[in-house]
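J.: Quick one, fold the following:
(one chain, ligands or ions: 2)
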Amino acid sequence: MMGGTLKARRYVQIYTGEGKGKTTASLGLILRALGAGWRVLLVQFLKKGEFSEIRALKQLEGPLTILQFGSGRFVRGRPSEKDKKRALEGLAKAKGMMLSGQYDMVVLDEINVAMNLGLLPMEEVIAFMDKRPQDVEVVLTGRGAPDEILERADLVTECRKVRHYFDKGVRARCGIER
Ligand code: ATP
Ligand code: MG
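T.: Ligands and ions are numbered 1, 2, ... in the order given. Take a look at the predicted model:
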């Protein structure tokens, strides 16, 4: 290449499945990427508020932007138009930022769940993936990633539930799940 800087080749990663570890995997990647000097965007669908990881991330040095597009309420049944609009707004915002050249990694946390709940049309997520610049790493998390999305990823990890205390009634614990 004459004159220009060689751009890094980056990839699409998906963490899905029923077992624990999807969001924490993405948080580990964010930690590592920031350590390497990458500029990172974390977009959270469904979630809103200061989970412990958000607190910790805010204490880190480094170029990290965090955006949340959840309602803060548990979405069940048919999602409201307002919730759908907000999720779409989140994806549009993420797309603009991915295309701005200002980020090396974009994490879309729980985006698979947002699709499954009908908050986001899968076609919009596919359009997002098709627009990805080769030098931006994209990470998608959430159980139930649709096949059409999985096909477009370079790295797919399924977290398999061997056992989870959730089934015994142990709900999300501060410091471990939230
Ligand atoms: P982590 O954030 O710990 O890496 P994860 O991202 O893999 O977990 P999610 O699918 O996002 O897991 O689950 C979020 C929360 O939902 C869990 O922390 C747990 O409290 C709860 N949960 C776990 N298993 C189930 C289940 N089978 N059904 C419903 N809720 C579950
Ligand atoms: Mg998760």
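
J.: so what's Y103 up against?
T.: When contacts are counted by C-beta atoms under 8 Å, 6 or more residues apart in numbering, Y103 touches 39-41, 65, 97, 136. Yep, even glycine has a C-beta here, placed from its N, CA and C like the rest.

J.: Just flag the most distant two among these.
T.: Based on C-beta to C-beta, the longest span within the contacts of Y103 runs between T65 and V136 and measures 13.5 Å.

J.: Please identify which of these two sits among more neighbours.
T.: Shown here are T65 and V136; by other C-beta atoms under 10 Å, V136 has more neighbours (25 against 13).

J.: Tell me how far the more buried one lies from V40.
T.: Distance of V136 to V40, computed by C-beta to C-beta, to the nearest Å: 10 Å.

J.: next one: G142
T.: 18 Å.

J.: Ok, D154 next?
T.: From D154 to V40 the distance is 18 Å (C-beta to C-beta).

J.: where does L34 sit relative to ligand 2, distance-wise?
T.: 20 Å (C-beta to the ion, to the nearest Å).

J.: again but with A114, I slipped
T.: In this view, A114 and ligand 2 are 11 Å apart by C-beta to the ion.

J.: Then G21?
T.: Applying C-beta to the ion to G21 and ligand 2 gives a distance of 9 Å.

J.: same deal with G28?
T.: 13 Å.

J.: Which strand or helix spans that residue?
T.: helix 22-35 (DSSP states H and E).

J.: packing partners for that helix?
T.: Where contact means 3 or more C-beta pairs under 8 Å, 6 or more residues apart in numbering; DSSP states H and E, helix 22-35 is packed against strand 12-16, strand 40-45, helix 52-59, strand 105-109, strand 137-141.

J.: ok, the residue nearest the centre of the chain - contacts?
T.: The chain has L108 as the residue nearest its centroid, 2.0 Å off, counting by C-alpha atoms, centre = their mean. By C-beta under 8 Å, 6+ apart, the residues touching L108 are 43, 45, 91, 94, 138-141.

J.: Closest to E123 out of those residues?
T.: Of these, the one sitting nearest to E123 (C-beta to C-beta) turns out to be L91, at 11.0 Å.

J.: State whether that closest one is indeed within a strand.
T.: No: applying DSSP: H, G, I helix; E, B strand; the rest coil, one finds L91 to be helix, outside a strand.

J.: That one and A8: what is the separation?
T.: Taking C-beta to C-beta, one finds L91 at 24 Å from A8.

J.: Can you check the pLDDT for E123?
T.: pLDDT for E123: 98.

J.: So it, which state does it fall into?
T.: Classified using three-state DSSP, E123 is helix.

J.: how many other residues sit next to it?
T.: 10.
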